[in-house]
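**Q** Let's see this in three dimensions:
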Amino acid sequence: MCWYCGSPIKDAEPLGRSLLCPECGKDLRSCRNCRHYLPGVSRDCNESQADVPSDRDRANFCDWFSLNPKFREASAGQKAQAAGGKLAAKSAFEDLFK
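**A** Got it, this is the predicted structure:
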């Protein structure tokens, strides 16, 4: 999903440098969508060999870019599994008060 608006990213990797989010228009191939982006770490990047751009929100040419797995669109099976887990948790919680 887009780091800015949360809309799903349906394009396959590698993401092109000019690819924009269809909802908000932000660059998708930016530090903020990368699996190496880690605020608080030196240069906000945990890949020591990466040349970190000054603007983390904009598209870049980083060779180390890889879409953060937490930003990928969940598959239908994963969505169903998550929904089933929520129902089971809710049921278990309600059973506590019976």
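**Q** Below-threshold pLDDT in the protein: ranges please.
**A** 71-85 (pLDDT under 70).
**Q** same thing but 90
**A** Flagging of the chain using pLDDT under 90 yields the residue ranges 1-3, 6-17, 39-43, 48, 50-54, 61, 66-98.
**Q** And Asp55, how far from Lys26?
**A** Note on Asp55: its distance to Lys26, by Cβ to Cβ, to the nearest Å, is 12 Å. (Glycine included, C-beta is placed from N, CA and C.)
**Q** what about the two, which has more around it?
**A** Remark: of Asp55 and Lys26, Lys26 carries more neighbours, 18 against 10, as counted by other Cβ atoms under 10 Å.
**Q** Contacts only, for the closest residue to that one other than its chain neighbours.
**A** In this structure, Lys26 finds its nearest non-sequential neighbour in Tyr4, 4.4 Å apart by Cβ to Cβ, 6 or more residues apart in numbering. Listed by Cβ atoms under 8 Å, 6 or more residues apart in numbering, the contact set of Tyr4 reads 21, 24, 26, 32, 57.
**Q** of the residues you listed, buried ones?
**A** Neighbour-count burial (16 or more other Cβ atoms under 10 Å) applied to these gives 21, 26, 32.
**Q** In contact with the closest residue to Asp27 other than its chain neighbours, which residues?
**A** Distances taken as Cβ to Cβ, 6+ apart place Ala59 nearest to Asp27, at 3.9 Å, with adjacent residues excluded. Shown in contact with Ala59 (Cβ under 8 Å, 6+ apart): 17-19, 27-30.
**Q** Just the buried ones out of these, please.
**A** For the contacts of Ala59, buried by 16+ other Cβ under 10 Å: 27-30.
**Q** Among those residues, which one sits closest to Leu38?
**A** Leu38 has its nearest neighbour among these in Ser30, at 14.2 Å by Cβ to Cβ.
**Q** if I read this right, that closest one contacts Arg56, doesn't it?
**A** Yes - between Ser30 and Arg56 there is a contact under Cβ atoms under 8 Å: 6.5 Å.
**Q** wait, Glu47 sits on Leu38?
**A** No - using Cβ under 8 Å, Glu47 is not in contact with Leu38; the gap is 9.3 Å.
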